[in-house]
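Asker: Dropping a prediction and its sequence here:
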Amino acid sequence: MKDFQFTLDVCRQMAEAAEKAQKEAGVSICLAVADRHGSLRYFYRFGDAILPSVDISQKKAYTAAVLGQTTREFGKIAQAGADAFGINVTHPMLVIFGGGFPLQIDGKTVGGLGISGGSVEEDEAVAARALEAFRQATGQK
C-alpha cells in the first residue's frame, strides 16, 4: 500500500470533532496526528490545555503509530512483571497509558492519534470522536 498522506482537510476534520468533544467534556486537550513512522503531521492545543500535554499527546500519537496498537493496550505489557516492563524508560518516546490510538485503513496502520489534557478516560472519549471523524474523512464505515 502506498503511504497514506494526511491532508490538512482530514486532520482538521479530526480536530473539529475533538474540539466539540473536549468542550462538551469541559476539558482542554492537545491533539497530535503522526504518520505511520511516528512523525508529527498535525498538532493543535485547545484552550488552556496543560503544557505537559503538548509533549504527551505527540508521544501518544508516536507510540500508537509505530506499534499499531493503543497506548492503553501497550501499557499492559509494559507493567511491572510483564514482558516489556521498563520499555518506556529504554525508549522515552513510548507512552504506556491511554489516549493514543492507531489510525488504520483496511486494517493497516497509517498513523497515530494522541490526545492528552484530561484524565485517561476523558482523553479516550475525545479520541473516540476524532477517530470517527477520521473514518468518515477516509470513507470508512
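Answerer: Nice, thanks for sending it over.
Asker: how about the spatially most distant residue from the centre of the chain, secondary structure?
Answerer: Within the chain, the residue lying farthest from the chain centre (C-alpha atoms, centre = their mean) is G81, at 26.0 Å. The local conformation at G81, judged by DSSP: H, G, I helix; E, B strand; the rest coil, is coil.
Asker: Name all residues that make contact with it.
Answerer: The contact partners of G81, by C-beta atoms under 8 Å, 6 or more residues apart in numbering, come to none. Quick note: C-beta positions are derived from backbone N, CA and C, even for glycine.
Asker: any idea how far A17 is from it?
Answerer: Going from G81 to A17 by C-beta to C-beta, to the nearest Å gives 37 Å.
Asker: what's the answer for L31, then?
Answerer: 10 Å.
Asker: now H91
Answerer: In terms of C-beta to C-beta, H91 sits 30 Å off from A17.
Asker: what's the least confident helix or strand in the protein, going by average pLDDT?
Answerer: Lowest on mean pLDDT, DSSP states H and E among the helices and strands of the chain sits helix 87-90, with a mean of 86.
Asker: what are the ranges of the helices in the chain?
Answerer: Using DSSP state H, the helices of the chain run over residues 8-25, 52-67, 71-77, 87-90, 120-137.
Asker: Compare these and report which one is nearest to I105.
Answerer: I105 sits nearest to helix 120-137 of all those, at 9.0 Å, using C-beta to C-beta.
Asker: So which bits of that closest one are buried?
Answerer: By 16 or more other C-beta atoms under 10 Å, the buried positions in helix 120-137 come out as 122-127, 129-131, 133-134, 137.
Asker: Over to stretch 107-118?
Answerer: Neighbour-count burial for stretch 107-118, counted by 16+ other C-beta under 10 Å, picks out 109-118.
Asker: Which pair of those spans the longest distance?
Answerer: V110 and G118 (25.6 Å).
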